[in-house]
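Q: quick one: sequence and predicted model below, then my questions.
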Amino acid sequence: MKASLIETRNIDAYLRGTMSPEDREHFQVRLVSEADLYEKVLVQQQVQDYLLLYARKELKKELEVVQHKVFQQSRFEGFRRIIQQIFK
Amino acid sequence: MVLANNNKDTREEWFIHLYMTVFPDAARHVRKMGGSFEDAKDVFQEAIVVYYEKFITDSLRIQVNEKAYLMGIVKHLWTERYHEAVRLSTLEYGVESMEVSESSRDYIADRVLKFLTVAGGKCMNLLKAFYYDKLSMEEVARQFGYSSIRSSTVQKYKCLEKVREVVKEKSLTYESFID
């Protein structure tokens, strides 16, 4: 793997807490002295946040499809009648 | 019913099963608490997201009473929603400046996310499969058509790097636009 990818992997392991205690200590020392690495860690942390937002949006899209099916398709007629009774 | 071989199709079947078995009780609860059909649909959707996220972490795979667990989330979310509505209706002036900076941050996040969805969709889906859906590298390789675990692993880090560059660049662009 390319050096930059290994660094990305290390940042990922650091952020997810999967580094060994020795590696973590060593990494933290580097973070203090290497501004460039520190910045990458901060942005990669943001990537994780964006990824969570993205994944939830995608999951909601899947759920919209499911919701549409259960409230529209004829095979779910019985289910719909139960729900209509509840809100009548 | 359990979610085996997590992919879009099996998830859909599982979600339909959850609607069939739990939604009627969730709807009765929301109705009893004064909510509408639309409220019930919204809360149930939110509840499935929470349930799914708990389910895919190993701790919940042993959960036996799916219905009771999901209903617990529905009730909790409904109570939260009710309190939030009360809080918003009693909110007074004086927090305007905070709201402005919140909304600029939301604006940047929204733009970056839209960009990532359009320009980096393939990478975002691969990273989602790995980090959010918690698929194994074997499964990721299979679903995304990589010949080996090694190549899907390398691709994962390439994607992380690519997305990181986009986030850095776009955040700066949108921040300067707001300034």
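A: Yes, it's here. Numbers count the residues shown, from 1 in each chain, chains lettered A, B, ... in the order given.

Q: what's near enough to touch residue A:38?
A: Going by C-beta atoms under 8 Å, 6 or more residues apart in numbering or on different chains, residue A:38 touches A:31-32. Every C-beta, even on glycine, is put in place using the N, C-alpha and C of the backbone.

Q: pLDDT wise, what is residue B:171 at?
A: pLDDT recorded at residue B:171 is 79.

Q: my read: it touches residue A:46, true?
A: Yes: applying C-beta atoms under 8 Å, one finds residue B:171 in contact with residue A:46, separated by 7.3 Å.

Q: what mean pLDDT does the lengthiest helix in chain A have?
A: Ranked by residue count under DSSP state H, the longest helix found in chain A is helix A:35-72. Helix A:35-72 shows a mean pLDDT of 95.

Q: could you pull out the buried residues of it?
A: Applying a neighbour-count criterion of 16 or more other C-beta atoms under 10 Å in any protein chain shown, the buried positions in helix A:35-72 are A:37, A:40-41, A:43-44, A:46-48, A:50-51, A:53-56, A:58-59, A:63, A:66-67, A:70.

Q: that one: what's the following helix or strand?
A: Using DSSP states H and E, the helix or strand that follows helix A:35-72 towards the C-terminus is helix A:77-86.

Q: can you map out the helices along chain B?
A: B:8-32, B:37-55, B:66-89, B:96-119, B:121-127, B:137-144, B:149-178.

Q: mind checking which of these is nearest residue A:22?
A: Taking C-beta to C-beta, helix B:149-178 is the member of the helices of chain B nearest to residue A:22, at 21.9 Å.

Q: mind giving me the packing neighbours of that closest one?
A: Contact partners of helix B:149-178 among helices and strands, from 3 or more C-beta pairs under 8 Å, 6 or more residues apart in numbering or on different chains; DSSP states H and E: helix A:3-15, helix A:35-72, helix B:96-119, helix B:121-127, helix B:137-144.

Q: switch these over to CSV; also include distance to residue A:87.
A: Converted to CSV, the helices and strands packed on helix B:149-178 look like this (distance: least, C-beta to C-beta, whole Å):
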stretch, distance to residue A:87
helix A:3-15, 45
helix A:35-72, 12
helix B:96-119, 33
helix B:121-127, 37
helix B:137-144, 39
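
Q: returning to what we had before: among the buried residues of helix A:35-72, which are in reach of chain B?
A: Among the buried residues of helix A:35-72, the ones lying near chain B by C-beta under 8 Å from any C-beta of the partner chain are A:40, A:43-44, A:46-48, A:50-51, A:53-56, A:58-59, A:63, A:66-67, A:70.

Q: now the residue nearest to the spatial centre of chain A. Nearest residue, chain neighbours left out?
A: Geometric centre of chain A, nearest residue: residue A:52, 3.1 Å, by C-alpha atoms, centre = their mean. Distances taken as C-beta to C-beta, 6 or more residues apart in numbering or on different chains put residue B:132 closest to residue A:52, at 7.0 Å, once the chain neighbours are dropped.

Q: give me the buried positions along stretch B:140-149.
A: For stretch B:140-149, using 16+ other C-beta under 10 Å, the buried residues are B:140-141, B:143-144, B:146.

Q: domains in chain B, by residue range?
A: For chain B, automatic domain parsing gives the domain ranges B:8-89, B:97-173.
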